[in-house]
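S.K.: coordinates only, sequence not included:
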Ligand SMILES: C[S@@+](CC[C@H](N)C(=O)[O-])C[C@H]1O[C@@H](n2cnc3c(N)ncnc32)[C@H](O)[C@@H]1O
């Protein structure tokens, strides 16, 4: 133990910036690992910079990290499945919880009984991690509609989709700068034409954001990507209201709105979303993540014709 402490002390003497990284990670091993990543990645990110310029950038990055600045904004990427998703300040960093449920939906989307190309709507896309993952993983021809109200997010989402799109099954990707909460007409047009909705909206209540959110997230990730009114439930409520309004349309096809997946932040929220949809033409199921926490509500439309949908409501 004493020997390890001494070794660490010598290490710090030779490299005082490790102390900043230690402050952020609270682990000597992790601090060393981050040092390796930061010095390697920044060299690769700025190949034309002089040695001195790179050194300054590395020092600056370590200082920022010491103030809990997210590593992903320094390295500019976050692994998401087999992808490296581009990350920039102002756009939410993709989370493993999201990666997990999106991965789980892929086989279901591959086998969903709707005609090809399957049309998928990614609401509140952020970095575009969900669309990018779907785009590379889906085996069947598909169209993607990607929505956010942030230009920064849409810009990064477009970059991510462009770099990951190896597969010819992605026939078309369209980007829409829309306020999901207020652009009712645009939302109706998108929703009535899609088979699948994948949505990770802002879902933290303002109170929870102030009292229970990690300092690094609170300081450096975009608040508008995290916080929603009505106890965090505003997006689910508004989207459900659009869906039920559309179901009144006798011309809505039986393939529209067949499968909806919503990420949620707690069991209470999971039940709230489940209750919005259950007891209707939808079946709603809650999925847990690998930490055994409720994470996703899956809403599936029962296969009945449009006429009986209206009667059932
Ligand atoms: C929780 S983040 C999800 C990002 C990404 N889908 C993911 O899983 O990492 C929510 C996203 O919703 C967007 N957003 C917030 N308010 C919105 C609104 N009123 N209309 C459309 N998008 C909104 C934010 O810009 C942010 O990118």
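M.R.: Looks like it came in fine. Note that the structure is predicted; figures quoted are calculated from it, not measured.

S.K.: Run a quick neighbour tally on residue 128.
M.R.: A count of nearby residues for residue 128, using other Cβ atoms under 10 Å, gives 31. No exception for glycine: its C-beta is placed from N, CA and C like everyone else's.

S.K.: show me what contacts the nearest residue to it once chain neighbours are set aside?
M.R.: Using Cβ to Cβ, 6 or more residues apart in numbering and skipping the chain neighbours, the partner closest in space to residue 128 is residue 157 (2.8 Å). By Cβ atoms under 8 Å, 6 or more residues apart in numbering, residue 157 lies in contact with 125-128, 131-132, 146, 148, 175.

S.K.: Apart from its neighbours in sequence, what residue is nearest the residue in the chain that the ligand sits nearest to?
M.R.: Ranked by Cβ to the nearest ligand atom, the top residue of the chain for proximity to the ligand is residue 126, at 2.4 Å. Closest residue to residue 126 apart from its sequence neighbours, by Cβ to Cβ, 6+ apart: residue 92 at 4.6 Å.

S.K.: Phi and psi next, for that neighbour.
M.R.: phi -60, psi 140 (degrees, to the nearest 10).

S.K.: show me what contacts it?
M.R.: Taking Cβ under 8 Å, 6+ apart as the test, what residue 92 contacts is 126-127, 153, 221-222, 225-226.

S.K.: how does it look with 10 Å?
M.R.: Going by Cβ atoms under 10 Å, 6 or more residues apart in numbering, residue 92 touches 98, 124-127, 129, 150, 153, 156, 200, 202, 217, 221-222, 224-226.

S.K.: if I've got this straight, residue 78 is in a strand?
M.R.: Yes. Assessed with DSSP: H, G, I helix; E, B strand; the rest coil, residue 78 lies in a strand.

S.K.: Skipping adjacent residues, who's closest to it in space?
M.R.: Per Cβ to Cβ, 6+ apart, closest to residue 78 is residue 72, 4.5 Å.

S.K.: Can you report phi and psi for the one you found?
M.R.: The phi/psi pair for residue 72 (degrees, to the nearest 10) is phi -60, psi -30.

S.K.: about what we covered before: which of the contacts of residue 92 count as buried?
M.R.: Buried members of the contacts of residue 92, scored by 16 or more other Cβ atoms under 10 Å, are 98, 124-127, 129, 150, 153, 156, 200, 202, 217, 221-222, 225-226.

S.K.: out of those, who's nearest residue 136?
M.R.: residue 129 (11.1 Å; Cβ to Cβ).

S.K.: And that closest one, how close does it get to residue 242?
M.R.: 24 Å (Cβ to Cβ, to the nearest Å).

S.K.: And residue 224, by the same measure?
M.R.: On the measure of Cβ to Cβ, residue 224 and residue 242 end up 20 Å apart.

S.K.: which stretches of the stretch 201-313 of the chain form strands?
M.R.: 259-263, 282-288, 294-301 (DSSP state E, counting those that start in this stretch).

S.K.: who does the first one touch, helix- and strand-wise?
M.R.: In terms of contacts (3 or more Cβ pairs under 10 Å, 6 or more residues apart in numbering; DSSP states H and E), strand 259-263 is packed against helix 96-111, strand 118-123, strand 196-199, helix 234-247, helix 267-277, strand 282-288, strand 294-301.

S.K.: Please apply the same query to the longest one.
M.R.: Helices and strands touching strand 294-301, as assessed by 3+ Cβ pairs under 10 Å, 6+ apart, comprise helix 96-111, strand 196-199, helix 234-247, strand 259-263, helix 267-277, strand 282-288.

S.K.: Output the ones you listed as CSV; include the columns mean pLDDT and distance to residue 38.
M.R.: Below are those laid out as CSV (pLDDT from 0 to 100; distance: least, Cβ to Cβ, whole Å):
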stretch, mean pLDDT, distance to residue 38
helix 96-111, 98, 21
strand 196-199, 98, 33
helix 234-247, 98, 35
strand 259-263, 98, 30
helix 267-277, 98, 36
strand 282-288, 97, 35
